[in-house]
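K.L.:
give me coordinates for this.
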Amino acid sequence: MVKVGIIGGSGLDNPDIMKDAKEIKVKTRYGAPTSVLTCGSIKGVDAVIIARHGKDHSIYPSKVNFRANIMALKEQSCTHILASTAVGSLREDIAPGHLVFPNQFLDHTRKRETTFFDEDVVMHTPMAEPFCQNLIDLLSSSSDALGFEYHKNKTVITIEGPRFSTKAESHMFRSWNADVINMSTVPEVCLAREKKMHYAAIAMSTDYDCWREEEESVTWEMILETMKKNAGNVIKLFLDVIPKLKEYDDLCVK
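P.N.:
Sure thing, here's the model as predicted:
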């Protein structure tokens with residue numbers, strides 16, 4: 001039985017796309033998630049939405065309780081996670097407004113709880129393919145049908161934040177073959193993998209970070225403006241993809 005968890009990124013915390021929506025407060029063994037859960041259905045598929053940074057965007061990246069968020073979705077019986085996120089582009093061809101569906105990550109965080117297996121039992125989770133390729137392919141085919149500009153199978157680097165990169169760092173990340181940069185995918189994707197949940201990121205390019213000399217360096221205002229202009233495309237993608245998840249009911253993360 002498919003049930004989708006939506007983790008809202010900047011500007012997409014609680015899209016008004018749910019039927020019979022109701023809010024519930026929950027608590028996990030790792031504490032409370034970063035927002036109440038908005039539960040309902042989207043085109044016949046049960047769904048749960050969490051606002052990653054809180055309903056009022058008051059939680060900075062390193063303080064996001066990633067473990068509580070993923071555990072809350074698992075305890076609500078979610079089988080799939082679609083996580084929206086704003087990213088900076090590290091590549092010329094990934095222009096602001098384009099969508100990106102990464103299949104690999106680089107972890108440049110330092111302060112976060114990154115596993116559920118830190119007590120009682122030690123487990124070493126395979127992470128060669130951290131994102132669900134079936135979801136990536138589904139998001140790509142839907143984007144083709146909707147006429148959206150997108151890039152699939154790219155590498156996202158997650159930094160600690162809340163500051164943005166220096167130019168030296170931005171160029172270094174490019175040399176590491178990272179394609180986009182954000183502050184939220186790790187450890188979110190790792191924790192979802194540990195809980196055997198399908199996970200895909202719907203990343204929206206909002207800027208060129210600060211490596212591109214002819215561009216103004218990224219600002220928070222710039223990110224919000226681009227997200228506001230293009231949030232509708234991400235919602236359209238949700239509405240197109242989520243009903244199709246029923247076709248993937250028999251595909252389980254091993």
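
K.L.:
list the contacts for Pro4?
P.N.:
One thing to correct before we go on: residue 4 is Val, not Pro. Ile42, Val45, Asp46, Ala47, Val48, Cys78, Thr79, His80, Ile81, Leu82, Ile242, Leu245 (C-beta atoms under 8 Å, 6 or more residues apart in numbering). Every C-beta, even on glycine, is put in place using the N, C-alpha and C of the backbone.

K.L.:
now with 6 Å?
P.N.:
Val45, Ala47, His80, Ile242 (C-beta atoms under 6 Å, 6 or more residues apart in numbering).

K.L.:
need those in TSV (columns: neighbour count, pLDDT and distance to Ala231).
P.N.:
Shown next, in TSV, are the contacts of Val4 (neighbours: other C-beta atoms under 10 Å; pLDDT from 0 to 100; distance: C-beta to C-beta, whole Å):
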residue	neighbour count	pLDDT	distance to Ala231
Val45	18	95	21
Ala47	26	95	17
His80	27	97	21
Ile242	24	95	16
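
K.L.:
those in strands, which ones?
P.N.:
Val45, Ala47, His80 (DSSP state E).

K.L.:
now, which of these sits nearest Val121?
P.N.:
Taking C-beta to C-beta as the measure, Val121 lies nearest His80 of the ones in strands among the contacts of Val4, at 25.9 Å.

K.L.:
pairing partners for the residue nearest the centre of the chain in the sheet, please.
P.N.:
Closest residue to the average C-alpha location of the chain: Ala83 at 3.0 Å, with C-alpha atoms, centre = their mean. Ala83 has these beta-bridge partners by DSSP bridges: Ile7, Ala201.

K.L.:
Gly88 too?
P.N.:
Under the criterion used (DSSP bridges), Gly88 bridges to Ile181, Asp207.

K.L.:
against Asn65, how distant is it?
P.N.:
24 Å (C-beta to C-beta, to the nearest Å).

K.L.:
out of these two, which sits in the busier spot?
P.N.:
Ranked by neighbour count (other C-beta atoms under 10 Å), Gly88 and Asn65 place Gly88 first, with 28 against 19.

K.L.:
so the more buried one sits against Asp209, correct?
P.N.:
Yes. With contact defined as C-beta atoms under 6 Å, Gly88 reaches Asp209; the gap is 3.8 Å.

K.L.:
shared neighbours of those two, anything?
P.N.:
With C-beta under 6 Å, 6+ apart as the test, Gly88 and Asp209 both reach Ile181, Val218.

K.L.:
now for Lys19, how many residues are close by?
P.N.:
Neighbours of Lys19 (other C-beta under 10 Å): 10.

K.L.:
close enough to count as contact, it and Ser41?
P.N.:
Yes. In terms of C-beta under 6 Å, Lys19 counts as a neighbour of Ser41; the distance is 5.0 Å.

K.L.:
residue boundaries of the strands in the stretch 101-250 of the chain?
P.N.:
Using DSSP state E, counting those that start in this stretch, the strands assigned to the stretch 101-250 of the chain run over residues 150-159, 180-182, 198-207.

K.L.:
for Pro102, find the nearest of these.
P.N.:
strand 150-159 (4.2 Å).

K.L.:
which pLDDT value goes with the closest residue to Glu160 other than its chain neighbours?
P.N.:
Spatially, and ignoring its direct neighbours in sequence, Glu160 is nearest to Thr109 (4.9 Å; C-beta to C-beta, 6 or more residues apart in numbering). For Thr109, the model assigns a pLDDT of 97.

K.L.:
that'll do, ta.
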